[in-house]
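predicted model, plus sequence, below.
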Protein chains: 2
Amino acid sequence: MPDRAERPGSEIPARPTMKDVAAAAGVGLKTVSRVVNGEPGVSEETADRVHAAIRELGFRRNDGARLLRQGSRTSCVGLILEDLADPFYAQLSRAVEEVARSHGSLLFTGSSAEDPARERELTLDFCARRVDGLIVVPTAADHGFLAPELAAGTAVVSIDRPMNGLTVDTVLAANRRGAAEAVGHLIRQGHRRIGYLGDDPEIFTAAERLAGYRQAMAEAGHGVDEAWLAMGRPEPVGIHLALDRMLSGPDAVTALMCGNNRTTVAVLRSLATCPGRTALVGFDDFELADMLPVPVTVVAQDPMLMGRMAAELLFRRMRGERAQAQRLEIPTRLVLRGSGELPC
Amino acid sequence: MPDRAERPGSEIPARPTMKDVAAAAGVGLKTVSRVVNGEPGVSEETADRVHAAIRELGFRRNDGARLLRQGSRTSCVGLILEDLADPFYAQLSRAVEEVARSHGSLLFTGSSAEDPARERELTLDFCARRVDGLIVVPTAADHGFLAPELAAGTAVVSIDRPMNGLTVDTVLAANRRGAAEAVGHLIRQGHRRIGYLGDDPEIFTAAERLAGYRQAMAEAGHGVDEAWLAMGRPEPVGIHLALDRMLSGPDAVTALMCGNNRTTVAVLRSLATCPGRTALVGFDDFELADMLPVPVTVVAQDPMLMGRMAAELLFRRMRGERAQAQRLEIPTRLVLRGSGELPC
DNA sequence: GACCGTTGTGACAACGTTGTCCAAACGCTG
DNA sequence: CAGCGTTTGGACAACGTTGTCACAACGGTC
């Protein structure tokens, strides 16, 4: 064989292209293309030769080139969330992936780690890869930087939090109402001094849930002592200190509302070291909440449903639907298990 | 303006290309390329004009075309696992993503759902997108179909389970040893009749852990009654029935070993409905295991470390390292919490 | 004023694929 | 055997980008 495409000494093995296949099968380039794409107009015998060459060379079509030529969709969507390892987001991802798969799309995933710069970088990287759509848990304060992408036809859906500076479909949990219901429940159990531990109020969900707490307290005519509030990243030490403060003194709180699953777990760990029982409701359900010594009453979200809804909205947009941007609020469900039903 | 690239009636808004930018800025195509890539040899004034045009048109470079032209790496890696929503895999993903990010790569994620056909499809789709590397939790019995990709320079690393029919770097937990240690621990607590509930033994980890159980029993000189074994997907009903069987009669088992976190949780739920306490050790740690009424003794794996190692191996390969395929076994850690220390 | 190097710029080909178009070879009819 | 359609095949351009090369304009030297 005089002329081989691959040079023996080359470090990076060259991938066979259609040209190589064509040469190996002794046919024209376009014929290979036809065979690969199942187009008609190729005799069975020729197709067999081409298939044999493909197998022999281990050819696989370069989708990048195909997409470039066709100028069409890449069949990729991107998902950007805060932390893939958080069970809430893990479930959400799974649902998004499922829907993407059912529409024949592949999924890019990225964690922003609550860092706006990182989110922006990831988003734009995904856009440079020409994803057809993006599902984002927004962290940045403003998403105006996405406007050109949106204008260029990239579908965008916001999930878990709204996006500022950009009008897009949005899927949220009923944060305020869910939190208000939970606090209302505690109030009906006779509690008046209720502590609230939540995430940084810069985060939309944290602010909304806090607002729900305040609303329920106000509706019941109970004042809120600012000393009962502790807002910040769910770190064990900070939470332990906050609890120490809230649970001591004559005006100690008798019940606690936790703003997210991380906080709830941290609070439970902290409480486990203290004697005495405090009523508690957590926002967001978590595995084994029902199996703990005092089963934990929670405001359950439905991350799977949220992910599914967001993905369906995204694919609807990608199909070219022009309707006005929607804002879906997925209801929460108060799951009574015991921890919220403790007396004062 | 006589000649505009975009037609007003067109449904799909055309993305601006470098050509459009060049026209808008009144410069040549290559000059735009130079500006975009920060190449020298462009006067400041020209660069400013180009930047203005880029901002105005909302231009973003098409990485697909760039990659095609350069023939170089896509800076994408693919991760295929069983179920993104499983906490073990969620943590593993996070670690992989972190390493990928630190190497400037984007991450495709896909769940095989333990379906070989789906795994194969995902894998090959990723390859068609020309990922630089693949990390796979293998489900298929044989991965020979990946051989051409490997030959073409796609790096492949197997994680959690070995790959058959392909020699690649592999990162595993010390399944057999971990399980044997755990069972040995139960034996030292005086147990002789120990039940084992695990996943389908077709799955490598399930088979290995079962082997560890058998080994520990054999070393202690205890026989194994096949009625003590229940292998299959972790479904509540099946597990409940199996437990009923194991825990009744005069020869009821006095301790249980669970082969994975899903099974452990299902067993705990099932046991919660029965009176009486059974010693139990689970393979794989899970959140709140230490907070349950009887804290659960587990064989802890380190999914983050496994993910990190696999990703580091992958990027080492991608950097062109030619060393022989490695097989890393990450040690497990027996975490004593109480459930394994119950008396017979 | 002929020659030089330097600086800024653009024309052109190429990456791997597909869509358009045309040509060769065939069997059929008149 | 001319004329026709049908089947099969290939040449060529284009997608958006970058690498190579060459050209134009400049100031400076002999």
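Now that the structure is in, tell me what you want to look at. Residues are numbered from 1 along each chain as shown, chains lettered A, B, ... in the order given.

quick check: closest non-adjacent residue to the residue in chain A positioned nearest to DNA strand D.
Residue nearest to DNA strand D within chain A: A:G28 (2.4 Å; Cβ to the nearest atom of the strand). Heads up, the C-betas are built off the backbone N, CA and C, glycines and all. Distances taken as Cβ to Cβ, 6 or more residues apart in numbering or on different chains place A:A22 nearest to A:G28, at 6.0 Å, with adjacent residues excluded.

surely the one you found is in a strand?
No - per DSSP: H, G, I helix; E, B strand; the rest coil, A:A22 lies outside any strand segment and is helix.

check contacts around the residue in the stretch 101-250 of chain A that chain B sits nearest to.
As assessed by Cβ to the nearest Cβ, chain B sits closest to A:P148 within the stretch 101-250 of chain A, at 2.5 Å. Counting by Cβ atoms under 8 Å, 6 or more residues apart in numbering or on different chains, A:P148 makes contact with B:L57, B:G58, B:F59, B:R60.

the residue of chain A closest to DNA strand D contacts A:V21, doesn't it?
No - using Cβ atoms under 8 Å, A:G28 makes no contact with A:V21, being 10.8 Å away.

out of the two, which sits in the busier spot?
Using other Cβ atoms under 10 Å in any protein chain shown as the criterion, A:G28 and A:V21 rank with A:V21 on top: 27 against 12.

what residues are up against that one?
A:V32, A:V50, A:A53, A:I54, A:L57, A:F59 are the contacts of A:V21 under Cβ under 8 Å, 6+ apart.

give me the pLDDT for the third one.
Which is A:A53. Per-residue confidence (pLDDT) for A:A53: 90.

what do you get for the last one?
A:F59 is assigned 91 on the pLDDT scale.

from A:M18, how far off is A:S33?
6 Å (Cβ to Cβ, to the nearest Å).

neighbour-wise, which of the two wins?
Counting neighbours by other Cβ under 10 Å for A:S33 and for A:M18 shows that A:M18 has the greater number, 21 against 17.

that one against A:F59, yeah?
Yes - between A:M18 and A:F59 there is a contact at 7.4 Å, judged by Cβ under 8 Å.

helices of chain A, residue ranges please.
Along chain A, counting by DSSP state H, helices occupy A:18-25, A:29-36, A:44-57, A:63-70, A:87-102, A:116-128, A:147-151, A:175-188, A:204-219, A:236-246, A:261-272, A:303-318.

by contact count, what packs against the third one?
The contact analysis (3 or more Cβ pairs under 8 Å, 6 or more residues apart in numbering or on different chains; DSSP states H and E) places helix A:44-57 against helix A:18-25, helix A:29-36.

any low-confidence regions in chain A?
A:1-13 (pLDDT under 70).

who's in contact with the nearest residue to A:L210 once chain neighbours are set aside?
Closest residue to A:L210 apart from its sequence neighbours, by Cβ to Cβ, 6+ apart: A:G198 at 5.5 Å. Residues counted as contacts of A:G198 (Cβ under 8 Å, 6+ apart) are A:A206, A:R209, A:L210, A:L229, A:A230, A:M231, A:C258, A:G259, A:N260, A:T263.

so how far is A:V267 from the residue nearest to the fifth one when sequence neighbours are not counted?
Nearest-residue entry for A:A230: A:A242, 3.5 Å, with adjacent residues in sequence omitted and distances by Cβ to Cβ, 6+ apart. The gap separating A:A242 from A:V267 is 9 Å, by Cβ to Cβ.

more neighbours, these two?
A:V267 (26 against 22).

and the nearest residue to that one once chain neighbours are set aside, what are its bridge partners?
The shortest distance from A:V267 to any non-neighbouring residue, by Cβ to Cβ, 6+ apart, is to A:C258 (5.4 Å). Applying DSSP bridges to A:C258 yields these beta-bridge partners: A:L197, A:G282.

can you work out which residues contact both of A:A242 and A:V267?
With Cβ under 8 Å, 6+ apart as the test, A:A242 and A:V267 both reach A:L197.

before we move on, the earlier item: ranking the contacts of A:V21 by neighbours, who comes first?
Neighbour-wise, the contacts of A:V21 (other Cβ under 10 Å) top out at A:V32, 28 neighbours.

contacts only, for that residue.
A:V32 touches A:M18, A:V21, A:A22, A:A25, A:V50, A:A53, A:I54, counting by Cβ under 8 Å, 6+ apart.

can we see that at 6 Å?
A:M18, A:V21, A:A22, A:V50 (Cβ atoms under 6 Å, 6 or more residues apart in numbering or on different chains).

one more: A:F88?
By Cβ under 6 Å, 6+ apart, the neighbours of A:F88 are A:D284, A:P303.

one more: A:V50?
A:A25, A:V32, A:V35.
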